[in-house]
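Undergrad: Fold the following, please.
(one chain, ligands or ions: 1)
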Amino acid sequence: MLALRLLMVAFVAAGTAVPVVAVAQPGGSAATQLDYAFFKTSIQPIFTAKRPGLVRCVQCHTHSTNSRLLLQPFAAGAASWDEEQSRKNFETVVRLVSPVKPIASRLLMHPLARAAGGDPFHAGGKHWDSQDAPEWRILAAWVRGQTGPSR
Ligand code: HEC
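TA: The predicted model follows:
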């Protein structure tokens, strides 16, 4: 196969040295860029948010779950991540985004109810029962390459 599936992590020194992940699509279509600022301000809060009847993502995913989603543990007394931890989280989470079909990424399909198009089973529960759920839409916007703080 000549189809190139390149995942290039480039540290772009555009003033603030924000890491940008450029995903080269097979066939040479426009590369999708996963934005760090959007991740930090809009994706990370999803991992710490409480949803009724469910455990927060961070309560499981800062420990080994035998999955690739291993987020940084908070520093003692902290309620969120510092800059260095956020960048490590970013590097972890981008690996759960499919360069070929971002919207079908594990990150989006695993916590989404099967009836809404998600995959069959997530040990941490199904956190969204619709692709219209506001948080799921934020995840979808990010994997599609939306940039900057969204709120
Ligand atoms: C109660 C604990 C628990 C909670 C809460 C939880 N998870 Fe999980 N998660 C797991 C376990 C255990 C696995 C590995 C087994 C599996 O795939 O179901 C997993 C696997 C995953 C994977 C697959 C990673 C891979 O290696 O492909 C993703 C993505 C994921 N979880 C995302 C989330 C997100 C996003 C949230 C919050 C919306 C969340 N999880 C909440 C326990 C949890």
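
Undergrad: excluding its backbone neighbours, what's nearest the residue nearest in space to the middle of the chain?
TA: Residue closest to the mean C-alpha point of the chain, counted by CA atoms, centre = their mean, is Val93 at 4.6 Å. What sits nearest to Val93 in space, not counting adjacent residues and going by CB to CB, 6 or more residues apart in numbering, is Leu107, at 6.5 Å. (C-beta placed from N, C-alpha, C; glycine too.)

Undergrad: Check the secondary structure at the one you found for me.
TA: helix (DSSP: H, G, I helix; E, B strand; the rest coil).

Undergrad: can you count the residues close to Phe39?
TA: Residues within reach of Phe39, counting by other CB atoms under 10 Å, total 19.

Undergrad: which element is the nearest residue to it once chain neighbours are set aside on?
TA: The spatially closest residue to Phe39, leaving aside those adjacent along the chain, is Phe90, at 5.1 Å (CB to CB, 6+ apart). Assigned by DSSP states H and E, Phe90 belongs to helix 83-94.

Undergrad: State the mean pLDDT of that helix.
TA: Averaging pLDDT along helix 83-94 gives 97.

Undergrad: could you list every residue that touches the closest residue to the ligand within the chain?
TA: Closest to the ligand within the chain is Gly124: 2.0 Å, counting by CB to the nearest ligand atom. By CB atoms under 8 Å, 6 or more residues apart in numbering, the residues touching Gly124 are 54-55, 57, 60-61, 65, 111.

Undergrad: let's go with 10 Å and repeat that
TA: The contact partners of Gly124, by CB atoms under 10 Å, 6 or more residues apart in numbering, come to 54-57, 59-61, 65, 67, 69, 110-111.

Undergrad: on that earlier part again, the residue nearest to Val93 - how many residues pack around it?
TA: 21.

Undergrad: if I read this right, it contacts Val143, doesn't it?
TA: Yes: if you go by CB atoms under 10 Å, Leu107 and Val143 touch, sitting 7.1 Å apart.

Undergrad: list residues touching both of those two?
TA: By CB under 10 Å, 6+ apart, the residues touching both Leu107 and Val143 are 43, 93-94, 96-98.
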